[in-house]
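Engineer: I would like the atomic coordinates for the input below:
(one chain, ligands or ions: 1)
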Amino acid sequence: MTGPVKTYVVGGAVRDALLGFPVKDRDYVVVGATPDQMRAQGFLPVGKDFPVFLHPDTHEEYALARTERKTAPGYTGFSFHASPDVTLEQDLLRRDLTINAIAQDIDGSLIDPYGGRADLDARVFRHVSAAFAEDPVRILRVARFAARFTEFSVAEETLSLMRQMVASGEVDALVPERVWQELSRGLMEAKPSRMFMVLRDAGALARILPEIVALDGVPQPAQHHPEIDTLVHVMMVIDTAARQSASLAVRFAALVHDLGKGTTSTEQWPQHIAHEARSVTLVEALCERLKIPGEVRDLAVMTAREHGNVGRALEMRADTLVKMLERCDAFRKPARFMDLLLASECDARGRTGFEERPFPQRAFLQTVLAAAQSIAAGEIAAAVSAAHPDKPADAIAQAIRAARVAAVAAVMPHKKADPHH
Ligand code: CTP
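Structural biologist: Got it, this is the predicted structure:
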């Protein structure tokens, strides 16, 4: 026999309210009900096998209390056991972290059988039970939470369980889409570097992003990089991007712009001649492997290739600048070019002691693009094709390029200072 049906708020909503953070969406757990009872009350089943329903009016998620057991390695290998006799405590026991395993009754009282509140107070991510190991996505979740809840650290026993899961190959079984989903969410948090440090400590970074691990301990010239270590630099760059509230594409570009430094031969250290080209190759392969969306990939590849050029922009000639704009397709995609400039600024300031340094290259290249855009391309094309009616295409391209170069030269400060140049 089963008791009365009871509903509780669970998970992130309870956690965030206790932390004093705004609550976005509320998840509910329902104890003592069958799927048929839920349907009879108008709840809409979410998936075929998932015992999860949407409320007919609020569309909030209501999951039947369930226990879970694993049938196969990897993310899709679940089977669920949901039945009216699964208790709230059994449901909470199989959740990932104690801070996510607190339930709240309709009357506001908390049901906290696994010490979630104590861990919230102590700022600790601690797994609830051995059932944590049933889902390797949880390794990524803990890392992502570390990027969001920046005062929290991972309990030693949870870290060692995560290490065991990595050692037994669990992380290798994750599908790329799921990895990217968690990584991209973590990149959007307040301090994304913390996600990568947790993944490294768990041994998972070497499985997911070995290209990042390869930067660990790689030296850079002290004059431009007081932090020396390339991994330290890259972590500072992504946190700088987060402080600037940069988009996901900019944050990812910041993460991978220097991958090529991981394959510099040690005889060349601390110089990294032509690392940009090696970065491009590595970024392309990484994006392919993790099935990273095209827009995010394109900015990352461009930033890998151009970040050095952006840094040197103030010393460049007008025709070199115009070639860079053309290479970046900046006339058709000006917003993406602005993203390149922001990622490059994060690169320049993500260095110990350089955090507040001005980066005039960004405003300068914005001016350069505006100048190059301002030419009357239509009129030039019409005039040139009237003069060369037989073979106008090359002549038009040349004339437009020349007009752009002239327009750019006119906004270059040193040109104004020296009219003979
Ligand atoms: N959960 C879990 N294991 C997972 C995913 C979810 O144990 N792999 C449980 C946790 O109790 C979690 C709840 O399901 O709190 C809701 O999951 P979800 O909405 O994905 O995450 P939240 O914890 O609410 O976090 P976020 O704020 O990122 O949505």
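Engineer: Now for the one residue in the stretch 1-150 of the chain that gets nearest to the ligand: which residues touch it?
Structural biologist: As assessed by Cβ to the nearest ligand atom, the ligand sits closest to residue 12 within the stretch 1-150 of the chain, at 2.2 Å. (Glycine included, C-beta is placed from N, CA and C.) Going by Cβ atoms under 8 Å, 6 or more residues apart in numbering, residue 12 touches 23-25, 27, 100.
Engineer: where's the dip in pLDDT among these?
Structural biologist: Lowest-confidence member of the contacts of residue 12: residue 24, scoring 88 (pLDDT).
Engineer: show me where the stretch 151-300 of the chain has helices.
Structural biologist: Assigned by DSSP state H, counting those that start in this stretch, the stretch 151-300 of the chain shows helices spanning 156-167, 176-187, 193-201, 205-208, 210-213, 230-243, 248-256, 275-289, 294-311.
Engineer: What mean pLDDT does the second one get?
Structural biologist: By that I understand helix 176-187. pLDDT averaged over helix 176-187 gives 98.
Engineer: again with the first one
Structural biologist: In this model, helix 156-167 has an average pLDDT of 98.
Engineer: from memory residue 196 sits against residue 212, does it?
Structural biologist: Yes - applying Cβ atoms under 8 Å as the test, residue 196 and residue 212 come out as touching, 6.5 Å apart.
Engineer: neighbour count winner among the two?
Structural biologist: residue 196 (26 against 23; other Cβ atoms under 10 Å).
Engineer: Residue 368 versus residue 353, what's the distance?
Structural biologist: Distance of residue 353 to residue 368, computed by Cβ to Cβ, to the nearest Å: 28 Å.
Engineer: Also residue 151?
Structural biologist: 43 Å.
Engineer: between those two, who's got more neighbours?
Structural biologist: residue 368 (25 against 7).
Engineer: per-residue confidence at that one?
Structural biologist: In this model, residue 368 carries a pLDDT of 98.
Engineer: host element of it?
Structural biologist: helix 360-373 (DSSP states H and E).
Engineer: relative to helix 294-311, how tilted is that helix?
Structural biologist: 110 degrees (axes from the mean of the first three to the mean of the last three Cα atoms, to 10 degrees).
Engineer: thinking again about what came up before, okay, the helices of the stretch 151-300 of the chain, which one's buried deepest?
Structural biologist: Compared across the helices of the stretch 151-300 of the chain, helix 248-256 shows the largest average neighbour count, a mean of 27 (mean count of other Cβ atoms under 10 Å).
Engineer: Can you tell me which helices and strands it packs against?
Structural biologist: Counting contacts by 3 or more Cβ pairs under 8 Å, 6 or more residues apart in numbering; DSSP states H and E, helix 248-256 packs against helix 176-187, helix 230-243, helix 275-289, helix 294-311, helix 334-349.
Engineer: What is the longest one packed up against?
Structural biologist: If contacts are counted by 3+ Cβ pairs under 8 Å, 6+ apart, helix 294-311 sits against helix 248-256, helix 275-289, helix 318-327, helix 334-349, helix 360-373.
Engineer: Now render these as a markdown table, adding distance to residue 61.
Structural biologist: Shown next, in a markdown table, are the helices and strands packed on helix 294-311 (distance: least, Cβ to Cβ, whole Å):
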| stretch | distance to residue 61 |
| --- | --- |
| helix 248-256 | 25 |
| helix 275-289 | 32 |
| helix 318-327 | 47 |
| helix 334-349 | 34 |
| helix 360-373 | 43 |
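Engineer: what touches both of residue 196 and residue 212?
Structural biologist: Contacts common to residue 196 and residue 212, judged by Cβ under 8 Å, 6+ apart, are residue 205.
Engineer: For the protein, give me the ranges with low pLDDT.
Structural biologist: Of all residues in the chain, those with pLDDT under 70 make up the ranges 1-3, 49, 69-79, 414-421.
Engineer: swap the cut-off to 90 and go again
Structural biologist: 1-4, 24, 47-51, 67-84, 385-394, 413-421 (pLDDT under 90).
Engineer: right, and residue 217 touches residue 228 too?
Structural biologist: No - here residue 217 lies out of contact with residue 228, judged by Cβ under 8 Å, at a distance of 9.4 Å.
Engineer: Which of those two has more residues huddled nearby?
Structural biologist: Neighbour totals were compared for residue 217 and residue 228, and residue 228 leads with 16 against 11 (other Cβ under 10 Å).
Engineer: how much space between that one and the ligand?
Structural biologist: Relative to the ligand, residue 228 is positioned 35 Å away (Cβ to the nearest ligand atom, to the nearest Å).
Engineer: Name the residues linked to the residue nearest to that residue when sequence neighbours are not counted by a beta bridge.
Structural biologist: In this structure, residue 228 finds its nearest non-sequential neighbour in residue 219, 5.3 Å apart by Cβ to Cβ, 6 or more residues apart in numbering. For residue 219, the beta-bridge partners under DSSP bridges are residue 229.
Engineer: Quick one: name the residues of the stretch 1-150 of the chain near the ligand.
Structural biologist: Within the stretch 1-150 of the chain, the positions near the ligand by Cβ under 6 Å from any ligand atom are 11-12, 27, 95-96, 100-101, 135, 137-138, 141.
Engineer: Ranking by neighbours, what's the top pick from the residues you listed?
Structural biologist: Neighbour max across those (other Cβ under 10 Å) = residue 101, 28 neighbours.
Engineer: how about the residues of the stretch 1-150 of the chain next to the ligand in TSV, adding secondary structure?
Structural biologist: Shown next, in TSV, are those (DSSP: H, G, I helix; E, B strand; the rest coil):
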residue	secondary structure
11	coil
12	helix
27	strand
95	coil
96	coil
100	helix
101	coil
135	coil
137	helix
138	helix
141	helix
